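Engineer: Next comes the sequence, and after it the predicted model I'd like to discuss.
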Amino acid sequence: MYVNGLVSVPGRKSIRKIADLVVGWRAEQSLQQFVNQSTWKWEPVRRSLAYQVNGMIRPRAWAVQEVVFPKNGDSSVGVARQYAPSAKRVLNCQLGLAVF
């Protein structure tokens, strides 16, 4: 349900919005626990998703770009005071790579 929500929910992908639009009832606590506390292996899900997307859009090239998620606190995974090249400054954030 979570991965389906990431793919199908338009706009911001919050746990509440995914629960409302995909599950159809208030399940945000269950989804939050799944994402934060489960020991599920994300690699097979990511591989399957990439395979499905590749079959649907037949890309001729992939572009990789840094993504910066500014954060106020330090409770989220990967949050640190760090240099973000795309922002050209040091800030409290998560850094990721997006593939387009």
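Structural biologist: Nice, thanks for sending it over. Numbers count the residues shown, from 1 in each chain.

Engineer: Run through the helices of the protein in chain order.
Structural biologist: Assigned helices in the chain, in chain order: 2-8, 15-18, 28-37, 42-57 (criterion: DSSP state H).

Engineer: among the ones you listed, which is nearest residue 92?
Structural biologist: Proximity to residue 92, assessed across these by C-beta to C-beta, is greatest for helix 28-37 (19.6 Å). From N, CA and C alone the C-beta is placed, and that goes for glycine too.

Engineer: Now do the buried residues in that closest one.
Structural biologist: 28, 31 (16 or more other C-beta atoms under 10 Å).

Engineer: going forward, begin numbering at 526 instead of 1
Structural biologist: Fine by me, first position is 526 from now on; the one you just mentioned is helix 553-562.

Engineer: Restricting to C-alpha, output that helix in PDB.
Structural biologist: Taking Å, rounded to 0.1, in the frame of the first residue of the first chain, the C-alpha atoms of helix 553-562 are listed here in PDB:
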ATOM      1  CA  GLU A 553      -1.400   6.600   9.000                       C
ATOM      2  CA  GLN A 554       0.000   5.000  12.300                       C
ATOM      3  CA  SER A 555       0.300   1.600  10.700                       C
ATOM      4  CA  LEU A 556       2.000   3.000   7.600                       C
ATOM      5  CA  GLN A 557       4.300   5.200   9.700                       C
ATOM      6  CA  GLN A 558       5.300   2.100  11.800                       C
ATOM      7  CA  PHE A 559       5.900   0.100   8.600                       C
ATOM      8  CA  VAL A 560       8.200   2.800   7.100                       C
ATOM      9  CA  ASN A 561      10.100   3.600  10.300                       C
ATOM     10  CA  GLN A 562      10.200   0.300  12.300                       C
END
